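[1] task: produce atomic coordinates for the following.
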Amino acid sequence: MTDQDVREFLERMAVEEPAPFPDAAPLIRRGRRRAARTAVVGAVGIAAAVAVLFAGIAEIRTAPAPAPAVQPTTTPMGPFTERFDSPLHGLSIGYPSGWRTRAATEPWGHDTITFDAPDVDVIYDPTLQDDLYIALVSEPLSGRSFDDWCCSDLRALAQICGGQGGGGSGGGGYTLDGARTWIEMCGSDVDGGHSVFVAKADRGYVIILYLGDERLQATYDGDWFESVLETVDLRPEDALDSMNPSGSIGEEG
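    Predicted coordinates for the structure are as follows:
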């Protein structure tokens with residue numbers, strides 16, 4: 001642009017009437033209305049957000065606390081609501097509801113103590129049957145002491161805990177119904193259980209918990225067996241063969 005061009009531009013600006021400045025009032029009014037609408041919308045949004053927040057807090061405060069996780073019962077302790085009275089062997093014992101019983105039909109003759117032996121009282125789970133049962137036998141001591149009667153020869157004859165040295169995995173002194181007792185655990189990779197030898201008056205008793213599956217050993221453990229033993233009432237005077245002793249270990253040849 002030359003000096004001449006600049007001079008001509010300034011001359012035109014000097015003689016031209018300036019364009020009127022637009023009235024600012026309408027613009028201000030429109031701006032205020034827009035700001036008011038924005039404020040209302042914003043306030044409504046904030047109020048809604050606050051309401052949702054407080055509703056969430058109220059729900060958290062009034063919601064019930066989550067129930068603690070229920071732990072599976074691994075040891076089905078008593079109460080043992082049922083009782084079995086052995087007319088032949090002379091004792092009474094509690095057992096779990098739903099289990100079944102089968103009384104011995106003849107005196108114990110030192111046969112192997114098994115589920116189906118006729119001289120053994122059996123209390124058993126009706127589903128597992130010979131995999132989970134309590135076996136009971138007894139006999140007159142015929143004047144023998146507890147030490148003379150229990151336990152190695154008896155264990156071998158009746159194959160208790162697998163017989164002589166067969167499967168017993170720990171034992172010790174115990175007191176059952178006020179009488180001297182030996183209690184031991186039987187265990188192997190296949191089966192297991194617990195056994196008790198007890199003598200009261202002139203009668204010896206053997207009580208066995210037999211477990212035919214090693215998976216049962218964690219549930220029907222020593223604590224469970226001892227809880228059963230707490231229900232035992234020894235009644236040697238009621239045994240049907242108490243006046244007619246038969247087959248003691250010392251008499252077998």
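
[2] what about the helix or strand hosting residue 156, average pLDDT?
    Secondary structure assigned from DSSP states H and E places residue 156 in helix 152-158. Averaging pLDDT along helix 152-158 yields 85.

[3] equivalent analysis for stretch 83-94, please.
    On average, stretch 83-94 scores 95.

[4] and residue 83, what are its phi and psi?
    phi -130, psi 140 (degrees, to the nearest 10).

[5] now do the SS call for the closest residue to it other than its chain neighbours.
    Excluding its sequence neighbours, the residue lying closest to residue 83 (C-beta to C-beta, 6 or more residues apart in numbering) is residue 94, at 5.4 Å. Just so you know, the C-beta spots here come from the backbone N, C-alpha and C atoms, and that holds for glycine as well. Classification of residue 94 using DSSP: H, G, I helix; E, B strand; the rest coil returns strand.

[6] I figured residue 94 hits residue 123, correct?
    No - counting by C-beta atoms under 8 Å, residue 123 is not a contact partner of residue 94; they are 9.5 Å apart.

[7] any shared contact partners between these two?
    residue 84 (C-beta atoms under 8 Å, 6 or more residues apart in numbering).

[8] those two: which is more packed in?
    residue 123 (23 against 19; other C-beta atoms under 10 Å).

[9] tell me which element that one is part of?
    For residue 123, the host element (DSSP H and E) is strand 121-124.

[10] show me what that strand is packed up against.
    strand 82-86, strand 100-102, strand 132-140 (3 or more C-beta pairs under 8 Å, 6 or more residues apart in numbering; DSSP states H and E).

[11] tell me which strands the first one pairs with, and in which orientation.
    Taking DSSP bridges as the criterion, strand 82-86 sits next to strand 91-95 (antiparallel) in its sheet.

[12] buried stuff in the strand it pairs with?
    91, 93-95 (16 or more other C-beta atoms under 10 Å).

[13] and residue 173, helix, strand or coil?
    strand.

[14] distance of it relative to residue 154?
    17 Å (C-beta to C-beta, to the nearest Å).

[15] now swap in residue 194 and tell me
    Applying C-beta to C-beta to residue 194 and residue 154 gives a distance of 16 Å.

[16] the two: who's more crowded?
    Taking other C-beta under 10 Å, residue 194 and residue 154 do not tie; residue 194 has more neighbours (26 against 17).
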